[in-house]
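**Student:** Okay, structure incoming, though there's no sequence with it:
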């Protein structure tokens, strides 16, 4: 379930054993997915082979998500804000 970039084993173990849907993305270029767990696959309906190497924007399809994106921008503009709900 991982791609070319090496994910630390402790992180990979945590992701694989989590019951929460998790994905790990590269922090460079297009932030492609490196690792997904079974809960992610169950939630999204995608197999790892379908998503690894792709940016998670593919989950949005054609949804504009204008309001949630604005909330995220506001959150990022306020570094001391503890959380955001989208």
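**Tutor:** Looks like it arrived, so ask away. These numbers were taken from a predicted model, which means no experiment stands behind them. Residues are numbered from 1 along each chain as shown.
**Student:** alpha carbons only for contacts and neighbour counts from here, please
**Tutor:** OK.
**Student:** so where do the strands sit in this structure?
**Tutor:** Secondary structure of the chain by DSSP state E: the strands cover 23-25, 33-36.
**Student:** Could you look over those and pick the most buried one?
**Tutor:** strand 33-36 (a mean of 23; mean count of other C-alpha atoms under 10 Å).
**Student:** Contacts for that one next, please.
**Tutor:** 1-5, 7, 12, 15-16, 21-26, 48, 51-56 (C-alpha atoms under 8 Å, 6 or more residues apart in numbering).
**Student:** I'd like to know which of those are buried.
**Tutor:** 2, 7, 12, 15-16, 21-26, 48, 51-53, 55-56 (16 or more other C-alpha atoms under 10 Å).
**Student:** residues contacting residue 5?
**Tutor:** Here residue 5 is in contact with 26, 34 (criterion: C-alpha under 8 Å, 6+ apart).
**Student:** Residue 12 now?
**Tutor:** residue 35 are the contacts of residue 12 under C-alpha under 8 Å, 6+ apart.
**Student:** Distance-wise, check it relative to residue 81.
**Tutor:** Residue 12 is 29 Å from residue 81, where distance means C-alpha to C-alpha, to the nearest Å.
**Student:** Many thanks, we can stop here.
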